[in-house]
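Q: Only the shape, not the letters, is given here:
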Ligand code: UP5
Ligand code: MG
């Protein structure tokens, strides 16, 4: 990939901050392709014959970060598949625009992605309190079927977020790439603010 062919926006924020919800809005209005690292890992976990299934299951339940080789490869495959499908890579003037949701959440992943794929144009960071995120996740847990939407896993996810993933946001902050949105409010309000801020950067 070259930064001329693709625009990558990383979408970060704690567990339940609303990354997936806001990405769905952005896809509708701006024609991004949405790739959630968590969704890709869950799909790989279900894929018959996957050599990583058991490991992914274990990591997700415990709120730990799956080794980066697996995740970066899944993202890269998904980007290539999307560019092939739409012909965006081939047609001059039409470029891939990707929202990469929930990644990178560890510094080594950030560096690896920059080396193997391309640097991100910006980082959208949804800032939300643990109290609010916990309420959202417990509520979703009633119906989501996600193995990590329970009090015990949520506690572990928060811990990983604070200890391992926030340093990634700080790293991008030093590059001036972070756009921080208050995600404590209603989905509609969060989205309005997101649009305003995004248009400021992407034009
Ligand atoms: N909701 C959303 N916005 C709301 C709002 N403004 N007000 C009220 N409610 C709101 O939203 C969560 C819930 O809240 C939903 O019910 C929604 O309706 C409601 P969602 O949009 O799904 O939030 P999101 O931030 O996407 O939450 P998610 O649970 O997906 O975040 P995580 O970051 O925890 O999950 P992810 O799927 O990214 O990762 C899961 C695990 O995969 C990780 O813990 C890790 O083990 C593994 N992983 C890796 O190892 N490596 C990676 O690179 C990525 C993941
Ligand atoms: Mg999500």
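A: Received the coordinates, thanks. Just so you know, these numbers come straight off a predicted model, no measurement behind them. Ligands and ions are numbered 1, 2, ... in the order given.

Q: Just give the closest residue to the residue in the chain positioned nearest to ligand 1, not the sequence neighbours.
A: At 1.9 Å from ligand 1, residue 38 is the closest residue in the chain, using CB to the nearest ligand atom. Where C-beta positions appear, they are placed from N, C-alpha and C, glycine not excepted. Distances taken as CB to CB, 6 or more residues apart in numbering place residue 102 nearest to residue 38, at 4.9 Å, with adjacent residues excluded.

Q: ok now do that neighbour, which residues does it touch?
A: By CB atoms under 8 Å, 6 or more residues apart in numbering, residue 102 lies in contact with 11, 12, 19, 36, 37, 38.

Q: need the longest strand for this protein.
A: Counting residues, the longest strand found in the chain (DSSP state E) is strand 6-13.

Q: near ligand 1 at all, that one?
A: Yes. On the criterion CB under 6 Å from any ligand atom, strand 6-13 is in touch with ligand 1 at residue 13.

Q: following that strand, which helix or strand comes up?
A: Next along the chain after strand 6-13, taking DSSP states H and E as the criterion, comes helix 19-30.

Q: quick revisit: measure the residue nearest to residue 38 to ligand 2 for me?
A: 6 Å (CB to the ion, to the nearest Å).

Q: in the lowest-mean-pLDDT helix or strand in the chain, what's buried?
A: Within the chain, confidence by mean pLDDT, DSSP states H and E is lowest for helix 68-86 among all helices and strands, at a mean of 91. The neighbour-count criterion (16 or more other CB atoms under 10 Å) identifies 68, 70, 71, 72, 74, 75, 78, 79, 82, 83 as the buried residues of helix 68-86.

Q: near ligand 2 too, which of the contacts of residue 102?
A: Under the cut-off given by CB under 5 Å from the ion, ligand 2 has residue 19 from those close to it.

Q: Can you select the buried ones among the contacts of residue 102 for me in ChimeraX?
A: Buried residues within these, by 16+ other CB under 10 Å, are selected in ChimeraX with:
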select :11,12,19,36,37,38
